[in-house]
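sequence first, then the predicted structure, then my questions.
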Amino acid sequence: MQQRVDELHRLLHQYNYEYHVLDSPSVPDSEYDKLLHELIAIEEEYPDLKTSDSPTVRVGGTPLSAFEKVRHDTPMLSLGNAFNEADLRAFDKRVVEGVGQVDYMVELKIDGLAVSLKYEDGRLVQGLTRGDGTTGENITENIKTIYAVPLVIKEPLTFEVRGEAYMPRRSFINLNKEKEKNGEPLAANPRNAAAGSLRQLDSKLAAKRKLDIFLYSVNDLRELDVPSQSAALDKLDEIGFKTNHERRRCQNMDEVLDYIKYWTEERNNLSYDIDGIVIKVNDLSKQEELGFTARTPRWAIAYKFPAEEVITK
Ligand SMILES: NC(=O)n1nc(-c2ccco2)nc1N
């Protein structure tokens, strides 16, 4: 029976990865559901065969009475903001004065909830909200219901991965249709809906909210043994994480401005909300040279789109 359980874990993790991370399933949903229900039945009959990384945790478990507060191993920093070209040119000037010419890793700024995922020997052991940056809430059970979060990754790494959990616009529209039908107050926007979902004490409710996630950094990049932010993101892809592929390496601030101009027009065609563009010095040793202010990295800045009524289709 243990052999069958191991085989079901292997198949379900693989199918889940293909569907929710690669967006290219190799089997129909019915096959996934059949195997998942076989595993649920085995775990009910043989409870000691159920492990914390079993694919069956996706459906949620027993409700919590409260969220435990946990200190982050390394603080989750917030980003300084830029609102116009002058701010971006000033940022670029400070960087070049500090470390000379650099290339930038430029990423969409997902409008969700910052979370930190802790892996030990390649297995998910904890999920925390950003909280105040030093201490977060333990939302592990809810994080496990996000199918794009791998419960087991392809290398036995022990590290923390940071990312943005978010609610796709389609899920947001369906959620508000449901709320309207039940006469409940509507959620204001996908970001608030995602925050509300991850703060559900009953992870069965969080599982229903169809959240998604993009991972974008590792707390101790030396763990990944990579020279740059772009190599780090490629490595996260390789070992089973979902990263945002709209990212672009820019050789200078002019290219960054082109990228920002493009997404200022294009962003309403995305299937999720973004509230800006994140610009990071790509070379990690230059990031370390630049360091941090009290609260924010000197090697990164968030360009924020002008506040406007984002049309959530
Ligand atoms: N929200 C978002 O998409 N972020 N946030 C960062 C970030 C925050 C601190 C360092 O990097 N990067 C991306 N893509």
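Here it is on my side, so go on.

neighbours around E223, how many?
Counted by other C-beta atoms under 10 Å, the residues lying close to E223 total 16. The C-beta positions use only the backbone N, C-alpha and C, and glycine is treated the same way.

helix, strand, or coil at it?
For E223, the assignment made with DSSP: H, G, I helix; E, B strand; the rest coil gives helix.

so which elements touch the lowest-mean-pLDDT helix or strand in the chain?
The helix or strand of the chain with the poorest confidence is helix 203-208; it has a mean of 88 (mean pLDDT, DSSP states H and E). When contacts are defined as 3 or more C-beta pairs under 8 Å, 6 or more residues apart in numbering; DSSP states H and E, helix 203-208 packs onto helix 140-143, helix 190-198.

of all those, which one comes closest to the ligand?
helix 190-198 (10.5 Å; C-beta to the nearest ligand atom).

how distant is the closest one from the center of its chain?
Centre-to-centre, helix 190-198 and its host chain are 13 Å apart (C-alpha atoms, centre = their mean, to the nearest Å).

again with stretch 68-75
On C-alpha atoms, centre = their mean, the centre of stretch 68-75 falls 17 Å from the chain's centre.

pLDDT of the biggest helix by length in the chain, averaged?
If you go by DSSP state H, the chain has its longest helix at helix 2-20. Across helix 2-20, the average pLDDT comes to 95.

and the very next helix or strand once past it, what does it pack against?
Where DSSP states H and E defines the elements, the next helix or strand beyond helix 2-20 is helix 29-45. Helix 29-45 sits against helix 2-20, with contacts defined as 3+ C-beta pairs under 8 Å, 6+ apart.

doesn't F91 belong to a helix?
Yes: applying three-state DSSP, one finds F91 inside a helix.

around it, how many other residues sit close by?
22.

need the contact list for the residue lying closest to it once chain neighbours are set aside.
Leaving out its chain neighbours, the residue that sits closest to F91 by C-beta to C-beta, 6 or more residues apart in numbering is I301, at 4.7 Å. If you count contacts by C-beta atoms under 8 Å, 6 or more residues apart in numbering, I301 has them with 79-82, 87-88, 91, 278-279.
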